[in-house]
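J.: Following is a predicted model, sequence given first.
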Amino acid sequence: MTISPTADVRRATTWSIVLSVLMIVAGVLAIGVPVIAGVAVTAIVGWLLLFSGCLHLGFAWRAGHARAVLWQILLGILYGAIGLYLILTPLAGLASLTLAIAAYLLIEGVLELVLSIRMRPARGTGWLMFDGVVTLVLAAMIWSTWPSSAEWVVGTLVGISIFFSGITRLMLSTAVRRVVA
């Protein structure tokens, strides 16, 4: 028995729509309870760093030169220590991640402004400048309220990202379904 391509697309888009709705719900939950979402993100980042640290230590045995071995060992210890810090002290780790996000947004905003000025005669640079200003304002908002902003920044930003990813996936899935149907 053969399944038609239309049936395959319909089945795939149905699953995609279901996953999209779940992503939207997860995003709303993360926005609604940002501290829990932030701590969860901190734990995931901590475990990833710990795993990466173990990999660096493992790669040290495969490095060819003494300098490379030393470098891999130092990186492994650094990654592992930061990972353990995030896992063992999730609220302090959340505050550290929030500060890192503020610094990232500050650097991104400055670079966008510089790029918009350097590209000034080109069309659309006003949007780049606008993006830079908004990014700097967001960085300033986070920085000025840190460490209390740690309670909401990471969870809210992740929630917003998941929510809009779910919306985008839902729109794409329904568009594919309309084209095939």
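T.: It's in. All figures in this text were calculated on a predicted structure; none of them were measured in a lab.
J.: The residue most central in space within the chain: what's it in contact with?
T.: With distances taken as C-alpha atoms, centre = their mean, Val158 lies nearest the centre of the chain, 6.6 Å away. Residues near Val158 by C-beta atoms under 8 Å, 6 or more residues apart in numbering: Ala30, Ala37, Gly38, Val41. Where you see a C-beta, it was placed from the backbone N, CA and C, and this is true even at glycine.
J.: and with 6 Å instead?
T.: Ala30, Ala37, Val41 (C-beta atoms under 6 Å, 6 or more residues apart in numbering).
J.: what's the average pLDDT for the helix or strand containing the last one?
T.: Val41 is located in helix 34-60, with elements delineated by DSSP states H and E. The predicted model assigns helix 34-60 a mean pLDDT of 92.
J.: Show me how far that helix is from its chain's centre.
T.: Chain-centre distance of helix 34-60: 13 Å, with C-alpha atoms, centre = their mean, to the nearest Å.
J.: And the next helix or strand past it?
T.: Downstream of helix 34-60 (by DSSP H and E), the next one is helix 66-88.
J.: list the buried ones in that following helix?
T.: In terms of neighbour count (16 or more other C-beta atoms under 10 Å), helix 66-88 has its buried residues at Gln72, Ile73, Leu75, Gly76, Tyr79, Gly80, Ile82, Gly83, Leu84, Tyr85, Leu86, Ile87.
J.: what angle do the helix holding Val41 and helix 66-88 make?
T.: On the basis of axes from the mean of the first three to the mean of the last three C-alpha atoms, to 10 degrees, helix 34-60 is oriented at 160 degrees to helix 66-88.
J.: counting contacts, what elements does helix 34-60 pack onto?
T.: On a contact count with 3 or more C-beta pairs under 6 Å, 6 or more residues apart in numbering; DSSP states H and E, helix 34-60 meets helix 66-88, helix 90-118, helix 153-180.
J.: Got the phi and psi for Ala122?
T.: Per-residue torsions, Ala122: phi -70, psi 150 (degrees, to the nearest 10).
J.: before we move on, what about the one 3 residues further on?
T.: Comment: the main-chain dihedrals of Thr125 come out as phi -70, psi -20, following degrees, to the nearest 10.
J.: Could you double-check that it sits in contact with Ser116?
T.: Yes: with contacts counted by C-beta atoms under 6 Å, Thr125 reaches Ser116, the gap being 4.8 Å.
J.: For Val134, state which of the contacts of Val158 is nearest.
T.: Ala30 (21.5 Å; C-beta to C-beta).
J.: Surely the closest one is in contact with Val39?
T.: No: between Ala30 and Val39 there is no contact under C-beta under 6 Å: 11.1 Å.
J.: So between the two, which is more surrounded?
T.: More crowded of Ala30 and Val39, by other C-beta atoms under 10 Å: Ala30, with 24 against 19.
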